[in-house]
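In: kindly generate the corresponding structure for this input.
(4 chains, ligands or ions: 6)
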Amino acid sequence: MSNAKQIKSRIISIEPSGSYLHLVLEAPEVANYVEPGHFVAIAVGGVGSGMLLRRAFSIHRATADKSIEVIFAAHGQGTQWLAEQKAGTQLDIIAPLGKPFALPRQPVGCVLVAGGYGAAPMMMLAQQLKQLGCSVEVVLGAATEDKLFGVLESKAIADVVTVTTDDGSSGVRGRVTDVLPDAIKRVSAKAVYACGPMPMLKAVAQVSKELAAYSQCAVEEAMACGIGVCMTCVLPVIGDDGVTRMVRSCVEGPVFRGDRVRWDDVDTIPADTFGAPTGGGH
Amino acid sequence: MSNAKQIKSRIISIEPSGSYLHLVLEAPEVANYVEPGHFVAIAVGGVGSGMLLRRAFSIHRATADKSIEVIFAAHGQGTQWLAEQKAGTQLDIIAPLGKPFALPRQPVGCVLVAGGYGAAPMMMLAQQLKQLGCSVEVVLGAATEDKLFGVLESKAIADVVTVTTDDGSSGVRGRVTDVLPDAIKRVSAKAVYACGPMPMLKAVAQVSKELAAYSQCAVEEAMACGIGVCMTCVLPVIGDDGVTRMVRSCVEGPVFRGDRVRWDDVDTIPADTFGAPTGGGH
Amino acid sequence: MSDLETPDQEIPARKMPARKIPDVSSSIDLTTSLGSLQLQAPTATASGCAAAGRELAQFGDVRTLGAVVTKSIMKNPRSGRPTPRMAETPSGMLNSIGLQGPGIEAFLEKDLSWLTENGVTTIVSIAGNNVDEFGELANRLKDVPGIAALEVNISCPNVESRGQVFACNPFSAASVIETVRREWTSSAPILAKLSPDVTDIVEIAQSVVEAGVDGVSMINTLLGMVIDLDRMKPMLGGRTGGLSGPAIRPVAVRAVYQVHAALPQLPILGMGGIRTGHDALEFIAAGASAVSIGTVVFGDPGAPWRIADELGAELAKRGFTKLTDAIGAAHER
Amino acid sequence: MSDLETPDQEIPARKMPARKIPDVSSSIDLTTSLGSLQLQAPTATASGCAAAGRELAQFGDVRTLGAVVTKSIMKNPRSGRPTPRMAETPSGMLNSIGLQGPGIEAFLEKDLSWLTENGVTTIVSIAGNNVDEFGELANRLKDVPGIAALEVNISCPNVESRGQVFACNPFSAASVIETVRREWTSSAPILAKLSPDVTDIVEIAQSVVEAGVDGVSMINTLLGMVIDLDRMKPMLGGRTGGLSGPAIRPVAVRAVYQVHAALPQLPILGMGGIRTGHDALEFIAAGASAVSIGTVVFGDPGAPWRIADELGAELAKRGFTKLTDAIGAAHER
Ligand SMILES: Cc1cc2nc3c(=O)[nH]c(=O)nc-3n(C[C@H](O)[C@H](O)[C@H](O)COP(=O)(O)OP(=O)(O)OC[C@H]3O[C@@H](n4cnc5c(N)ncnc54)[C@H](O)[C@@H]3O)c2cc1C
Ligand SMILES: Cc1cc2nc3c(=O)[nH]c(=O)nc-3n(C[C@H](O)[C@H](O)[C@H](O)COP(=O)(O)OP(=O)(O)OC[C@H]3O[C@@H](n4cnc5c(N)ncnc54)[C@H](O)[C@@H]3O)c2cc1C
Ligand SMILES: Cc1cc2nc3c(=O)[nH]c(=O)nc-3n(C[C@H](O)[C@H](O)[C@H](O)COP(=O)(O)O)c2cc1C
Ligand SMILES: Cc1cc2nc3c(=O)[nH]c(=O)nc-3n(C[C@H](O)[C@H](O)[C@H](O)COP(=O)(O)O)c2cc1C
Ligand code: FES
Ligand code: FES
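Out: Ligands and ions are numbered 1, 2, ... in the order given. Model prediction:
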């Protein structure tokens, strides 16, 4: 379990970045403990709000003793509210949350794959992998160019960066998984790190497996608490003992081994799950 | 019924004024229709708000073709939210609402009595009365000096201004009703206009009656709709026919003749009210 | 000082502006029906949340609404409960108005006449202290022109049964409806207004269907309480009150879904915290044929019109061309 | 790549920091009781909203809470319902977790042991698919040390009675409690957790009192539904879900008030949308002896401690020196 803190955090800046907003938060109390893959949960709505639940965002960057950063899309009413906030406003945040990406103990070839704002946590990860001596390829995809994030920044860090868009407005026309096999082969990748929509993660896990690379996938399940107390954020994951359990993505994830998640069975209770309904119960 | 409009209104400025906030709203669509005693209903809470109901405020001032102004106290969560808003923010407002103060058809002596932010609508009223040729005395009271409003402004308009505070921190120590009889006598007042807390209004109505002046009291009842459709804002008022009815203060008020309101029976249904419970019903 | 205008006079009847055709910018067909009653638009007001329609006229053309559902009217004039009559609650409010109203005769003379003269589709809501009063009201109204439907508010206390709410007991609910059905010789439909404060709302719906209703309106408010900690007693003059607004929407959608699942042919006028066209479509998809907008009108008097427009857009976005195709669409078939 | 740490491992048991005495800055006595159980603080967690307490330890010292009420545990391991399991609603949320849990044996070994070792006041919540399962659970737990009270979650479906919730029927409710009472030889009190989804909650309370409970916990969630208009079906995997949070608070306060009015001696653990000390005092004034904090913990994990402090301040402001003097204070005497 991460050692999360609930703190008041002032907005240092909030600026558009393509289709997204780039939020920088003053958070000296937690910045030093952030690892790539951690997330932050932000309370939304202010005085008299009807929105009880926090919104979860991958931490994009952490500056020691100072700040953490987030890249987000104004989507439903909570993120719309957040997008309206101005520098100087105090937010109530909890961070760092979740289990981060696991790093290799030896320098190995790594590919980092991300879709849309899923790129947010990848720069920090690429940096750490480079420091460990890994060779790092980055693959970034999105529907359209304005939904790409972190292309320039990745180019400054990674050895090779490949970009895909569904409409060809930037980089290769197509999906990240179209270019992933080549990337894996180029760096003889042992580890593939992924963050993005579920169908993408599923495809990444599969391609990685076929090419004998371990994948680490950061999932995005709806969360009520983000701290492990409510059991809303579960998905079927196979444990070391081979048993499938409904596992909390907020504390046991959001990063999971791609070969352990039963991607096709997400949003179901597979019949062989630990505690799955038998005839009598429900 | 007033001819109210629901409009989007930009905050021109919001500044502290003693214990209160002085809010200036861009409202060219409605400013020309405002009369003293009208109120505005402001939606609070913004995106995802849990507060469904508007907050009602007397209109302090209206500038033709341009703006309306409000003086308010940050009290519960709705007014706290409002106090946090900044110039430039768009609010959703409905104005002008309610029945305004009735003006005399001939120039007569008038006394205007207000408690705390109850002074807000009085300056506009004093101005109009002066234009009609009335002699105008103003009596302003509050618990403490910082809760007084409009003293200087009143002095610029009215013939005489008397100030009272409960703690003597400004003007006469005591209540407005302590100084009201003298004020009425000084201008041989035929009309007394009052806005403030219920106990003050009750006392004003009584003193006025004793001194043979008609009183017009603006009441402050909790309102759900402010437009006459819900029946929450009622109080027992005696009609021209001598019958007591539970009357809506949002459309048939907020200004009532002081001698018609059954002040002692507010928050009850007097037994002789039209439609009051008899043996059988409830 | 008789030369001061008296401010506590009657509200003058308001002249209606020229009729405006609703601007549902899409080509979606939003007409619908409740039994034999055809509605030109899918949003009605909710009883008690729009008085008798007149005050809303400054915010929109009430003739373009699906219907105005009037505040429940009783036989005799009624003063209602003492104030405070409301408390704002998280995403909702509590009210204890206590059915204040002028009684049926004054209602016909002043309110219904205005609605009828102006060609407003009017659903008259009635309430009684006992079964007989409901019958008398139905009888009084049966030949009155201009009543598009009768909404029978059985979610009110039965004086003869120690104040138990009619709608909380299948037998009381049915006996009110049987009586109204007997007196109501008009062809306009009868809707029973159901309360959510029951263990099994489907049981109540079934009992009123057997008693002869043409449709149901659901849901009425939930029984709630707020305590005033400064006076250390219940905040409302009526002690308990009815909880309404978006807070209760999930309960209302569930109730509509359950009743539609059990009685798929039964027309439902859905309500409970509808704030947007998206919310309205939830009710339609759960099984309502039309919706009423209640508490949200207090904060946004233009809501009934806005929500109809938004509902059209929500339907269009999902490829529907007719509202009626979406009724009950969330049920597995 | 066995040299990558596996991220999906068990959560390590967390070491507790040095015990901190709660800082209720006033001199208000906030101790209270539920029957024979003395509580050092008035706020507990709510079942299902704090797991077994461990995760909250990073936000406060769980030993200083009135109690940790554990997630309802069943006899066998249980995977719960498919996702999506929650929907945010106006001032509330809907959940259909479906009682996911490891089963009683793993619970005792991993969860209760941690609570006991750390000296946490623990109220164990149990749930069964039928009356016998409740009895078996009570029997299994009766000699286990470290259980301050048993909360019997009868607001769950009775598989033997076509899924009707036990708490929605006075006979089923009573038969669960009778069975638990028979098996439960411990002196720790038994609380029955009541559902608000009933016509008459007082009737249910009376039936469980007659069956032998020492107190009641109320309220559980209200049955609700949200429809996912893009998939055109109910949003939650379980279709319906339980509505909780401040949205339902007025319903909860009303229920507590009614039950306390009818059964003034019955200890009540009050809950339903408590967000502040002010809210908590509403429950106390309505008749609760202590409160549970549920959904609000999800947004504010420090809430159970904060609310205890605020409650102290609210009491002080009103001249109380002891919480127990405020219990039921909103009732006329
Ligand atoms: C671990 C994690 C990391 C994330 N990182 C990012 C990020 O870096 N940038 C970014 O833009 N978004 C990120 N998201 C998604 C983000 O949390 C949702 O977009 C956001 O919660 C939606 O809230 P809303 O107010 O816009 O929508 P609403 O519709 O108002 O949300 C209603 C409820 O549903 C939940 N919800 C709705 N959509 C999602 C979703 N897609 N995922 C999870 N919960 C959802 C909300 O949290 C809220 O509780 C992440 C989610 C998770 C779980
Ligand atoms: C006709 C009229 C004119 C008013 N003029 C002014 C003014 O010029 N300046 C000013 O500061 N205040 C004025 N008020 C009072 C103002 O409306 C309340 O202070 C405000 O509604 C409180 O809202 P809140 O969000 O602070 O409190 P909350 O406790 O959040 O309010 C909850 C609910 O109760 C209602 N309510 C609470 N207190 C009052 C109250 N005292 N009067 C009416 N409703 C209340 C709110 O409108 C809301 O619906 C006026 C009220 C009325 C009816
Ligand atoms: C102030 C108020 C008064 C109401 N009066 C009545 C009434 O007279 N008759 C009735 O059947 N329902 C009445 N209702 C219930 C509404 O018609 C509606 O069923 C309920 O409020 C749920 O819808 P909503 O959440 O959209 O308001 C009233 C509701 C409110 C808020
Ligand atoms: C996610 C979630 C899970 C819950 N699980 C349980 C449970 O296992 N057993 C139980 O008795 N109540 C359960 N509840 C109900 C709560 O304990 C509480 O009674 C209810 O949510 C009302 O309180 P609140 O509004 O403060 O959350 C659960 C509630 C939520 C939101
Ligand atoms: S979000 Fe609550 S357990 Fe994961
Ligand atoms: S506030 Fe609704 S009628 Fe006056």
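
In: the residue lying closest to C:Leu108 once chain neighbours are set aside: neighbouring residues, count only.
Out: Nearest residue to C:Leu108 in three dimensions, chain neighbours excluded: C:Val144, at 6.4 Å (C-beta to C-beta, 6 or more residues apart in numbering or on different chains). Bear in mind the C-beta positions are built from the backbone N, C-alpha and C, glycine included. Look at C:Val144: counted by other C-beta atoms under 10 Å in any protein chain shown, it has 14 neighbours.

In: and A:Glu221, by the same measure?
Out: The local packing count at A:Glu221 equals 20, with neighbours defined by other C-beta under 10 Å.

In: the stretch 1-150 of chain A: helices as residue ranges?
Out: Assigned helices in the stretch 1-150 of chain A, in chain order: A:28-31, A:77-84, A:122-131 (criterion: DSSP state H, counting those that start in this stretch).

In: which parts of chain A sit against chain C?
Out: Proximity of chain A to chain C, by C-beta under 8 Å from any C-beta of the partner chain, involves residues A:Gly50.

In: give me that answer again for 10 Å
Out: Residues of chain A found near chain C (C-beta under 10 Å from any C-beta of the partner chain) are A:Gly48, A:Ser49, A:Gly50, A:Met51, A:Leu52.

In: now for the closest residue to ligand 4 within the stretch 201-333 of chain C: which residues touch it?
Out: Of the stretch 201-333 of chain C, the residue with the smallest distance to ligand 4, taken as C-beta to the nearest ligand atom, is C:Ala247 at 11.6 Å. With contacts taken as C-beta atoms under 10 Å, 6 or more residues apart in numbering or on different chains, C:Ala247 has the following neighbours: A:50, B:50, B:52, C:89-93, C:222, C:224, C:272-273, C:295, D:89-92, D:243, D:245-251, D:273.

In: quickly find the element holding C:Ile177.
Out: Applying DSSP states H and E as the criterion places C:Ile177 in helix C:170-183.

In: circling back: next up, the contacts around the residue nearest to C:Leu108.
Out: C:Val144 neighbours (C-beta under 10 Å, 6+ apart): C:Ile104, C:Leu108, C:Leu112, C:Ser113, C:Thr116, C:Val124, C:Ser186.

In: do C:Tyr257 as well
Out: With C-beta under 10 Å, 6+ apart as the criterion, the residues that contact C:Tyr257 are C:268, C:270, C:282-283, C:285-288, C:328, C:330-331, D:224-225, D:227, D:234, D:239-240.

In: ok, longest helix in chain A?
Out: For chain A, the longest helix by residue count, based on DSSP state H, is helix A:198-210.

In: following element in sequence after that one, please.
Out: For helix A:198-210, the following helix or strand on the C-terminal side (DSSP H and E) is strand A:214-218.

In: that following strand near chain D at all?
Out: Yes - Strand A:214-218 reaches chain D (C-beta under 10 Å from any C-beta) through A:Tyr214, A:Ser215, A:Gln216, A:Cys217, A:Ala218.

In: now pLDDT and neighbour count too, for those residues, in CSV please.
Out: As requested, these are exported to CSV (pLDDT from 0 to 100; neighbours: other C-beta atoms under 10 Å in any protein chain shown):
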residue, pLDDT, neighbour count
A:Tyr214, 95, 22
A:Ser215, 97, 27
A:Gln216, 97, 28
A:Cys217, 98, 29
A:Ala218, 98, 30
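
In: quick one: which two of the residues you listed are the most distant?
Out: Farthest-apart pair in the residues of strand A:214-218 next to chain D is A:Tyr214 and A:Ala218; separation 14.3 Å (C-beta to C-beta).

In: where along chain C do the helices fall?
Out: Counting by DSSP H, residue ranges of the helices within chain C are C:104-106, C:113-117, C:131-141, C:170-183, C:201-210, C:249-262, C:277-286, C:296-299, C:303-317.

In: the fifth one vs helix C:170-183, what angle?
Out: For helix C:201-210 against helix C:170-183, the angle between stretch directions is 30 degrees (axes from the mean of the first three to the mean of the last three C-alpha atoms, to 10 degrees).

In: buried residues of helix C:201-210, list them for me.
Out: By neighbour count, and taking 16 or more other C-beta atoms under 10 Å in any protein chain shown as the criterion, the buried residues in helix C:201-210 are C:Ile201, C:Ile204, C:Ala205, C:Gln206, C:Ser207, C:Val208, C:Val209.

In: just these now: which is nearest ligand 2?
Out: Of all the buried residues of helix C:201-210, the one sitting nearest ligand 2 is C:Ile201; the distance, using C-beta to the nearest ligand atom, is 29.9 Å.

In: in terms of contact, does the closest one touch C:Ala192 like I think?
Out: No - counting by C-beta atoms under 10 Å, C:Ile201 does not reach C:Ala192; the two are 11.5 Å apart.

In: find residues that contact each of those two.
Out: C:Ala167, C:Val216, C:Met218.

In: relative to ligand 1, which of these is nearest.
Out: Once C-beta to the nearest ligand atom is applied, the member of these that ends up nearest ligand 1 is C:Met218, at 26.0 Å.

In: list the residues that contact the residue of the stretch 151-282 of chain A found nearest ligand 2.
Out: At 26.4 Å from ligand 2, A:Ala224 is the closest residue in the stretch 151-282 of chain A, using C-beta to the nearest ligand atom. The contact partners of A:Ala224, taken as C-beta under 10 Å, 6+ apart, are A:52-54, A:230-233, A:250, D:49, D:85-88, D:93, D:95, D:97, D:295, D:297-299.

In: just the buried residues of the residues of chain A next to chain C.
Out: Applying 16+ other C-beta under 10 Å to the residues of chain A next to chain C, the neighbour count classes A:Gly48, A:Ser49, A:Gly50, A:Met51, A:Leu52 as buried.

In: separation between whatever residue of chain C ends up closest to ligand 3 and C:Arg275?
Out: Of chain C, the residue with the smallest distance to ligand 3, taken as C-beta to the nearest ligand atom, is C:Gly48 at 1.9 Å. Between C:Gly48 and C:Arg275 the computed distance is 17 Å (C-beta to C-beta, to the nearest Å).
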